[in-house]
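# test case, fold it:
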Amino acid sequence: MNDLSKLKALASQSLKQQSTQSNKKIVAGRAQSNLREQFKKTFLPLLIDISELRLMLENYKLQKTSGRIFKMEQMDKSPQQILEKLEDLQDDIEETRRWCAGVISQIERGIDETKELLAFLGDPEDNNEDAPRWKNLFKKK
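Take a look at the predicted model:
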């Protein structure tokens, strides 16, 4: 058994041990597989709410420019309340964006690390021509 084979065997054995010994504090459930559906269920009603708020603003403008006298209390929300609601939603979505950016970054790192390990182990399916030259040193021939 040559040194490269020993190294591959040790790396493979280490990975198997890590996967069986890992005690996850956060357990992924079905939510991960239905993530797109959850986004739809969350964001579609949100988009509808935002459209309704914008329509209320348009109604205020229309009534103001038409010259008709109307009672402000007939409207569900005042323009100030609409502004506050939209600003709150904006803050929430910006926080969501930061979470998504963090997750995307971690996924990219995981993908890169996995590709490096596959190249190191000599996975025949990993024929990435763009890989750095040192990665090709460990590929099977």
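
# element containing Ile107, please.
Assessed by DSSP states H and E, Ile107 sits inside helix 79-121.

# average pLDDT for that helix?
On average, the pLDDT along helix 79-121 is 95.

# what does stretch 49-59 give?
Per-residue scores along stretch 49-59 average to 93.

# okay, now Asn59: neighbour count?
13 (other C-beta atoms under 10 Å). In short, each C-beta sits where N, CA and C put it, glycine included.

# what of Glu94?
Neighbourhood size, Glu94 [other C-beta under 10 Å]: 9.

# what does Asp88 give?
Other residues near Asp88 come to 10 when the count uses other C-beta under 10 Å.

# same deal with Lys115?
For Lys115, using other C-beta under 10 Å, the count is 15.

# for Arg109, see how far away it is.
Per C-beta to C-beta, to the nearest Å, Lys115 is found 11 Å from Arg109.

# ok, now Leu83?
Taken as C-beta to C-beta, the span from Leu83 to Arg109 is 39 Å.
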